[in-house]
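Student: How does the following fold in three dimensions:
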Amino acid sequence: MSEDIAPETQGELQWPEFYDDIDPDIAAEFKLAQREARQPNCIYCDHPLEIGQTFYTDLRWKWNAASRGYQKFEDRDSDCNKPYCLNCEVHDWDFTNNRWVRY
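Tutor: Numbering: from 1, shown residues only. You can find the predicted model right below:
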């Protein structure tokens with residue numbers, strides 16, 4: 001299930017600073033993974049952490065008289081569920097409450 005994405009340029013390869021309110025066990029695992037140059041493990045199941053999260057966006061289709069068809073609009077507001085480990089399915093906000101996760 002683990003899949004690497006394209007490597008970043010050497011100049012971008014900076015590990016982030018942690019937010020102060022992250023779970024100490026998660027912070028420790030992320031810092032250990034940083035020192036060992038590896039992917040962090042889930043603190044709940046000890047497998048490599050793969051993160052899932054479901055987002056909800058409201059879509060509307062409005063009639064466009066000029067094109068004589070419907071045009072899709074997305075609301076700017078969206079909602080989401082807590083992120084979770086794809087292996088053990090434990091939900092924890094701190095999986096994404098750090099600077100390792102880019103939106």
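Student: For residue 84, which non-adjacent residue is spatially closest?
Tutor: In space, and not counting its chain neighbours, residue 84 is closest to residue 91: 4.4 Å by CB to CB, 6 or more residues apart in numbering. The C-beta positions use only the backbone N, C-alpha and C, and glycine is treated the same way.
Student: contacting residues around that neighbour?
Tutor: 81, 82, 83, 84 (CB atoms under 8 Å, 6 or more residues apart in numbering).
Student: Of those, which count as buried by neighbour count?
Tutor: 83, 84 (16 or more other CB atoms under 10 Å).
Student: Looking at the contacts of residue 91, which is nearest residue 62?
Tutor: For the contacts of residue 91, the minimum distance to residue 62 (CB to CB) is 28.1 Å, reached by residue 81.
Student: Identify the residue spatially nearest to residue 56, adjacent ones excluded.
Tutor: That would be residue 79: by CB to CB, 6+ apart, it lies 4.7 Å from residue 56.
Student: give me the element that neighbour is part of.
Tutor: strand 69-80 (DSSP states H and E).
Student: for that strand, packing partners?
Tutor: strand 55-64 (3 or more CB pairs under 8 Å, 6 or more residues apart in numbering; DSSP states H and E).
Student: Alright, that wraps it up for me.
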